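Engineer: Below are the sequence and a predicted model for it; my questions follow.
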Amino acid sequence: MTLTSKQPSATAQSEALFERAQQVIPGGVNSPVRAFRSVGGHPRFIASASGATLTDADGQTYLDYIGSWGPMILGHNHPAVRQAIMDALPSGTSFGAPTEREVRLAELVTRLTGVDKVRFVSSGTEATMSALRLARGYASAQSGDQPNSAGRKYTLKFRGNYHGHADALLVEAGSGLMTNADLLGQAAPSSAGVPPEYAALTLVADYNDAAGLDELMRARGHEIAAVIFEPIVGNAGVLIPRGDFLEALRRTQDAGALLIADEVMTGFRLSIRGAAAQLGLKPDLTCWGKIIGGGLPVGAYGGRSEIMDFVSPVGPVYQAGTLSGNPLAMAAGLATLQELERDPAIYGRLTRYTAALAGGLRVRAHSAGVPIRVNQVGSMLTAFFLPAGASEDTEIGNYGQAARSDTAAFSTWFQSMLNQGIYWAPSQFESIFVSGAHTQADLDRTLDAAATAFAAVAASGGRV
Ligand SMILES: Cc1ncc(COP(=O)(O)O)c(C=O)c1O
């Protein structure tokens, strides 16, 4: 679908809705990054979406690169997904009892990804939180402790990786915590309300630092139940793991820790099997979200039977959910994964499109004299705005390197893109997502807008 000629300049309806929302919803939004606080201005309220576009409450249409933060790999309101939800709807919306669709989606996920068993929850946060509890219960039992004694009680995560908002994982986390770090008044992003005793159970290492990870595992490996990681990081902006780091990740399993691949963002996005498998890893547990629910609230975690059978009701690790396996959500997830399986070439197309976008951004930024570093894998991409004078070869492979980005320059660029009808992620520290609905004409239009936006950055000296 192409954009309408109407330019997104009038925002009266969005402004009025935001005003009302702020009276009754903290910050006017139900998830922080939607608030535009780091880029300035106010959020657009979306009335509808179709294909690669969003239409706001003022009737203006945007080319969307957020895709609901990842789920909409097929594009918005895909006919097969919509039909599946409509087919499920007349039978009722929630039963609190098992259904055939849960079995079918579990059969599909296990077949596609190679895990033996999968448990559905309602969000990515629930998936990682539950997988961690399971890992602690299982790893401790393997070490000879009673299953409920939590002998191996530590979790290891990586700076700038985001695994949802469970207490123990809000330690040096990425995504909105990185974006809003200054608002929290602390140098290391975290959250108020997390007792230090909880955070103390989470050890933190640098992503892509193989030596640091080896050293930590040598010192503390016997106490660590699980190492959780994003196979390709999306939540500090896109970060790509190096080969030696992947090797070190694999070695953590030798110390008796369970390796948990958080594929909430990467799962079914970069390949049908998963990013960890593509990178040569064999995680003990895998977490999913986003695409697995096709735009409805679904998360999941899975692994080998011997581990998954530690979950209640067969095992001693408790985990439950009133709406888990919800019939409409299962229908949307099934339709989405079936579409992806039916058209495996989609991954090649998405990669080609996104690589062309990356190349086009580099060329246009260079012409404008704006130093950027573009990290791109498959349909995930971040354009990091480098500090003035930095070389375009500057590597961005960890949280510290990403955090040095020129966020003022990014904000200028973001606002210019938005004014030209391109809806980029409103944060320097997020991935954008290309969908199967984006076309060559969309790509061309995006790059034309990007050239104008880079010129605006150059003219402003990076200031908003
Ligand atoms: C890698 C990763 N893990 C976990 C989560 C949390 O998922 P949810 O927002 O569905 O709770 C996210 C969300 O962005 C994520 O990107």
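Structural biologist: On my side now, so go ahead. Everything quoted here is computed from the prediction, not taken from an experiment.
Engineer: Please name the nearest non-neighbouring residue to Leu169.
Structural biologist: His163 (4.4 Å; Cβ to Cβ, 6 or more residues apart in numbering). (Each C-beta comes from the backbone N, C-alpha and C, glycine too.)
Engineer: how far away is Leu239 from the ligand?
Structural biologist: For Leu239, the distance to the ligand (Cβ to the nearest ligand atom, to the nearest Å) stands at 12 Å.
Engineer: For that residue, what are phi and psi?
Structural biologist: Note on Leu239: its backbone torsions stand at phi -120, psi 140 [degrees, to the nearest 10].
Engineer: dump the residue contacts of the nearest residue to it once chain neighbours are set aside.
Structural biologist: Counting by Cβ to Cβ, 6+ apart, Leu239 lies nearest to Val233, which is 3.7 Å off, once chain neighbours are set aside. For Val233, the contacting residues are 158, 160-161, 174, 207, 239-241, by Cβ atoms under 8 Å, 6 or more residues apart in numbering.
Engineer: of those residues, closest to His76?
Structural biologist: The shortest approach to His76 among the contacts of Val233 belongs to Gly174, at 25.4 Å (Cβ to Cβ).
Engineer: still on that earlier bit, looking at this, the residue nearest to Leu169 is in a strand?
Structural biologist: No - His163: not assigned to a strand; according to DSSP: H, G, I helix; E, B strand; the rest coil it is coil.
Engineer: tally of neighbours for it?
Structural biologist: When neighbours are defined as other Cβ atoms under 10 Å, His163 has 30 of them.
Engineer: can you check Phe229 too?
Structural biologist: Look at Phe229: counted by other Cβ under 10 Å, it has 26 neighbours.
Engineer: quick one, phi/psi of the residue of the chain found nearest the ligand?
Structural biologist: Nearest residue of the chain to the ligand, counting by Cβ to the nearest ligand atom: Gly124, 2.2 Å away. Here is the backbone geometry of Gly124 (degrees, to the nearest 10): phi -60, psi -40.
Engineer: for the residue nearest the centre of the chain, what are its contacts?
Structural biologist: Centroid check for the chain by Cα atoms, centre = their mean gives Met265 as the closest residue, at 3.7 Å. Shown in contact with Met265 (Cβ under 8 Å, 6+ apart): 70, 124, 230, 232, 234-235, 289-290, 380, 431.
Engineer: try Leu258
Structural biologist: Contacts were defined as Cβ under 8 Å, 6+ apart; by that measure Leu258 touches 135, 138-139, 225-227, 284-285, 307.
Engineer: now with 10 Å?
Structural biologist: Neighbouring residues of Leu258 by Cβ atoms under 10 Å, 6 or more residues apart in numbering: 131-132, 134-136, 138-139, 142, 152, 155, 224-228, 252, 283-285, 303, 307.
Engineer: Please indicate which of these are buried?
Structural biologist: 131-132, 134-136, 138-139, 142, 152, 155, 224-228, 252, 283-285, 303, 307 (16 or more other Cβ atoms under 10 Å).
Engineer: Could you tell me which of the contacts of Met265 belong to helices?
Structural biologist: Of these, the ones assigned to helices by DSSP state H are Gly124.
Engineer: Export the contacts of Met265 to JSON lines and append columns for distance to Ala12.
Structural biologist: Shown next, in JSON lines, are the contacts of Met265 (distance: Cβ to Cβ, whole Å):
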{"residue": "Gly70", "distance to Ala12": "30"}
{"residue": "Gly124", "distance to Ala12": "35"}
{"residue": "Glu230", "distance to Ala12": "39"}
{"residue": "Ile232", "distance to Ala12": "40"}
{"residue": "Gly234", "distance to Ala12": "34"}
{"residue": "Asn235", "distance to Ala12": "33"}
{"residue": "Gly289", "distance to Ala12": "35"}
{"residue": "Lys290", "distance to Ala12": "32"}
{"residue": "Met380", "distance to Ala12": "34"}
{"residue": "Ser431", "distance to Ala12": "31"}
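Engineer: Isn't Gln428 up against Val238?
Structural biologist: No - under the criterion of Cβ atoms under 10 Å, Gln428 makes no contact with Val238, lying 11.4 Å away.
Engineer: who touches both of those two?
Structural biologist: With Cβ under 10 Å, 6+ apart, Gln428 and Val238 have common neighbours 382-384, 402.
Engineer: export the residues you listed to a markdown table and tack on distance to the ligand and pLDDT?
Structural biologist: A markdown table is the format used below for these (distance: Cβ to the nearest ligand atom, whole Å; pLDDT from 0 to 100):
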| residue | distance to the ligand | pLDDT |
| --- | --- | --- |
| Thr382 | 13 | 98 |
| Ala383 | 19 | 98 |
| Phe384 | 18 | 98 |
| Ala402 | 15 | 96 |
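Engineer: out of those residues, which are inside strands?
Structural biologist: If you go by DSSP state E, the shared contacts of Gln428 and Val238 have 382-384 in strands.
Engineer: Distance to Thr412 and neighbour count added to the residues you listed, as JSON lines?
Structural biologist: Compiled in JSON lines, those are given as follows (distance: Cβ to Cβ, whole Å; neighbours: other Cβ atoms under 10 Å):
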{"residue": "Thr382", "distance to Thr412": "17", "neighbour count": "27"}
{"residue": "Ala383", "distance to Thr412": "13", "neighbour count": "26"}
{"residue": "Phe384", "distance to Thr412": "15", "neighbour count": "24"}
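Engineer: What backbone torsions are found at Ala257?
Structural biologist: Dihedral angles (degrees, to the nearest 10) for Ala257: phi -80, psi 150.
Engineer: any idea of the pLDDT on it?
Structural biologist: At Ala257, the pLDDT value in this model is 94.
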